[in-house]
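*Asks:* Please work out how this folds:
(4 chains)
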Number of protein chains: 2
Amino acid sequence: MAPQPIYLTVLQHLRKQVSQGRLKPGSRMPSENEIVRQFGISRMTANRVLSLLAAQGVVTRVAGVGTFVAEPRVHSHPLQVRSIADEIRARGHAHECRVLKLETTRAGAEWAGRCGVPAGARLHHSLLLHLENGVPLQLEDRHVNPKLVHDYLLHDFTRTTPHEVLMRAAPIQHAEHTVRAVFPDAALRKLLALGRSEACLLVRRRTWSDGQVVSAADLYHAGSRYELTGQFS
Amino acid sequence: MAPQPIYLTVLQHLRKQVSQGRLKPGSRMPSENEIVRQFGISRMTANRVLSLLAAQGVVTRVAGVGTFVAEPRVHSHPLQVRSIADEIRARGHAHECRVLKLETTRAGAEWAGRCGVPAGARLHHSLLLHLENGVPLQLEDRHVNPKLVHDYLLHDFTRTTPHEVLMRAAPIQHAEHTVRAVFPDAALRKLLALGRSEACLLVRRRTWSDGQVVSAADLYHAGSRYELTGQFS
DNA sequence: AAGTGGTCTAGACCACGAA
DNA sequence: TCGTGGTCTAGACCACTTG
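*Replies:* Numbering: from 1, shown residues only, chains lettered A, B, ... in the order given. Sure thing, here's the model as predicted:
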């Protein structure tokens, strides 16, 4: 079934207890020795689980006292998880989506790493081009973990957005973004209708649900037509 | 002296090797067994050291192959007002700053608008190049409102950072960022030592204190060596 | 005194990649 | 085949806090 390390199994089990509210902030986590007895593992492995949870900010550990569920962290969201379609419609412009690819693939090394699945595992893959008033704005290259969203490919993405589909299937609890400037290759330049001297803004987004990566996406934007903004006080 | 755990001693030793450039990006780290022999510790402890370095992004581990020094890549939070020097030093790398320009100018239309002063008003102007371990990372083109920070130009920016100067003079209460990808011109390409097919990540930042714009800055980064990251839950 | 987390050891088996 | 990292065990000693 799931040939995964013991410590991961235990870790996900405890994470779920916390995320589902059965273990509330400030309450006591099972101690290392309790985990040893409960799961029949060695103390080193139990220690690994709790130390990892501490490193992830899920729990707080106090030597001589115990391990406790951390208070939910205050988050100022630098980059909101918002679909490009919403942004376009919020501007009162017309959004259009062209489906370039829709398939199930085997994960190569890179996408396997980003999606947290073994190389060779199946991944749903969609390649969508979003247009604002008929002008290409974003190329969305997305991989989705089929174990979490099995029917991902069955949707009509000209009418709904991946964002909506994912939110229904697996509520996003955590997101990670990295933003970089890249030099477009010929194919990308053509798809996004880029000028000769135009760079490309790449937003890489990963979203998690219950500690597992739901989806990883590369969002390419025309440098001259798209920018991220943020306020902070 | 310093009764600290063995793994910390070894970890700091290896970190220093990396930050001082004796172990360069892409080069091979000592394997777990080599560390075992070199420091006379158990393999579990050696594994802990390298795993921690991997979690910190200092190295990359590949099962069956080895452990390698990670490519330097600065991670930063888009909305956080943090000086590039702090980011570099937080990674344990050497920060160096070259002062390219330091002057008082008359505000043109663009900078006047961004700084909220009438066109033709005086503005302090600095052009600084920040280097990480000797490699250009950020070109900082900054204008400062002299009414709020009159002595801005009198500082030695090879020893202190504009961020520190501004924070002392006028505590930042609000910030605005916009992020975009731009195509570098020849001058910028030379200053940042950009490759032929390398884009540029431009962060435009404005900071306010008491409702007035303190400073407006254009921060240009090498696309291959800099990225913004953000997390939120 | 009992329980907690922090650290460390000396083994072990495995999958993987390179030679 | 050999070295690599990934994982796991069954002990151990310590400093610390709580009762």
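*Asks:* What residues does chain A have near DNA strand D?
*Replies:* For chain A, the residues in contact with DNA strand D (C-beta under 7 Å from any atom of the strand) are A:5-8, A:40-45, A:48, A:63-65. Quick note: C-beta positions are derived from backbone N, CA and C, even for glycine.
*Asks:* same thing but 6 Å
*Replies:* For chain A, the contact set with DNA strand D under C-beta under 6 Å from any atom of the strand comprises A:5-7, A:41-45, A:63-65.
*Asks:* Can you give the domain ranges for chain A?
*Replies:* Annotated domains of chain A cover A:6-69, A:84-222 [automatic domain parsing].
*Asks:* and among those, the most buried is which?
*Replies:* Comparing the domains of chain A by mean neighbour count (mean count of other C-beta atoms under 10 Å in any protein chain shown), domain A:84-222 ranks first with a mean of 17.
*Asks:* What is the distance between that one and the centre of its chain?
*Replies:* Centre-to-centre, domain A:84-222 and its host chain are 11 Å apart (C-alpha atoms, centre = their mean, to the nearest Å).
*Asks:* coming back round to it: possible to save the residues of chain A next to DNA strand D as TSV with secondary structure, pLDDT and distance to residue A:86?
*Replies:* Formatted as TSV, the residues of chain A next to DNA strand D follow (DSSP: H, G, I helix; E, B strand; the rest coil; pLDDT from 0 to 100; distance: C-beta to C-beta, whole Å):
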residue	secondary structure	pLDDT	distance to residue A:86
A:5	coil	89	39
A:6	helix	93	42
A:7	helix	92	39
A:41	coil	93	45
A:42	coil	95	49
A:43	helix	95	49
A:44	helix	95	47
A:45	helix	95	44
A:63	coil	88	47
A:64	coil	89	50
A:65	coil	93	46
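*Asks:* Tell me how far residue A:18 lies from DNA strand D.
*Replies:* In this structure, residue A:18 and DNA strand D are 20 Å apart, going by C-beta to the nearest atom of the strand, to the nearest Å.
*Asks:* just checking, what packs against the host helix or strand of that residue?
*Replies:* Secondary structure from DSSP states H and E places residue A:18 in helix A:6-19. When contacts are defined as 3 or more C-beta pairs under 8 Å, 6 or more residues apart in numbering or on different chains; DSSP states H and E, helix A:6-19 sits against helix A:32-39, helix A:43-55.
*Asks:* Just put those helices in JSON lines and tack on distance to residue A:104.
*Replies:* Output for those, formatted as JSON lines (distance: least, C-beta to C-beta, whole Å):
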{"stretch": "helix A:32-39", "distance to residue A:104": "34"}
{"stretch": "helix A:43-55", "distance to residue A:104": "31"}
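*Asks:* how far away is the nearest residue to residue A:30 once chain neighbours are set aside from chain B?
*Replies:* Residue nearest to residue A:30 in three dimensions, not counting chain neighbours: residue A:38, with 6.7 Å by C-beta to C-beta, 6 or more residues apart in numbering or on different chains. Using C-beta to the nearest C-beta, to the nearest Å, residue A:38 is found at 23 Å from chain B.
*Asks:* Over to residue A:52?
*Replies:* In terms of C-beta to the nearest C-beta, residue A:52 sits 9 Å off from chain B.
*Asks:* Isn't that residue up against residue A:10?
*Replies:* No: the criterion here is C-beta atoms under 8 Å, and residue A:52 misses it with residue A:10 at 9.9 Å.
*Asks:* ok, what's across the strand from the closest residue to residue A:174 other than its chain neighbours?
*Replies:* Closest residue to residue A:174 apart from its sequence neighbours, by C-beta to C-beta, 6+ apart: residue A:208 at 4.0 Å. Counting by DSSP bridges, residue A:208 is bridged to residue A:174, residue A:213.
*Asks:* Pretty sure residue A:208 sits against residue A:166.
*Replies:* No: here residue A:208 does not reach residue A:166: they are 11.2 Å apart, not a contact under C-beta under 8 Å.
*Asks:* Assumed residue A:125 was part of a strand.
*Replies:* Yes: membership of residue A:125 in a strand is supported by DSSP: H, G, I helix; E, B strand; the rest coil.
*Asks:* contacting residues for it?
*Replies:* Residues near residue A:125 by C-beta atoms under 8 Å, 6 or more residues apart in numbering or on different chains: A:101-105, A:142-144.
*Asks:* Could you do residue A:96 as well?
*Replies:* Remark: with contacts taken as C-beta under 8 Å, 6+ apart, residue A:96 is in contact with A:130-131, A:134, A:158.
*Asks:* in its sheet, what does the helix or strand that contains it sit against?
*Replies:* Using DSSP H and E, residue A:96 sits within strand A:95-106. In its sheet, strand A:95-106 lies beside strand A:122-132 (antiparallel), with partners assigned from DSSP bridges.
*Asks:* between the following helix or strand past the partner strand and strand A:95-106, how many degrees?
*Replies:* Heading C-terminal from strand A:122-132, the first helix or strand you meet, by DSSP H and E, is strand A:135-144. Orientation of strand A:135-144 against strand A:95-106 (axes from the mean of the first three to the mean of the last three C-alpha atoms, to 10 degrees) gives an angle of 30 degrees.
*Asks:* what is the mean pLDDT for strand A:135-144?
*Replies:* For strand A:135-144, mean pLDDT rounds to 93.
*Asks:* where does chain A have low pLDDT?
*Replies:* Chain A contains residues with pLDDT under 70 at A:1-3, A:72-81, A:90, A:92, A:170-173, A:210-211, A:229-233.
*Asks:* Okay, the residue nearest to the spatial centre of it and residue A:119: tell me how far apart.
*Replies:* Residue closest to the average C-alpha location in chain A (C-alpha atoms, centre = their mean): residue A:207, at 1.4 Å. In this view, residue A:207 and residue A:119 are 21 Å apart by C-beta to C-beta, to the nearest Å.
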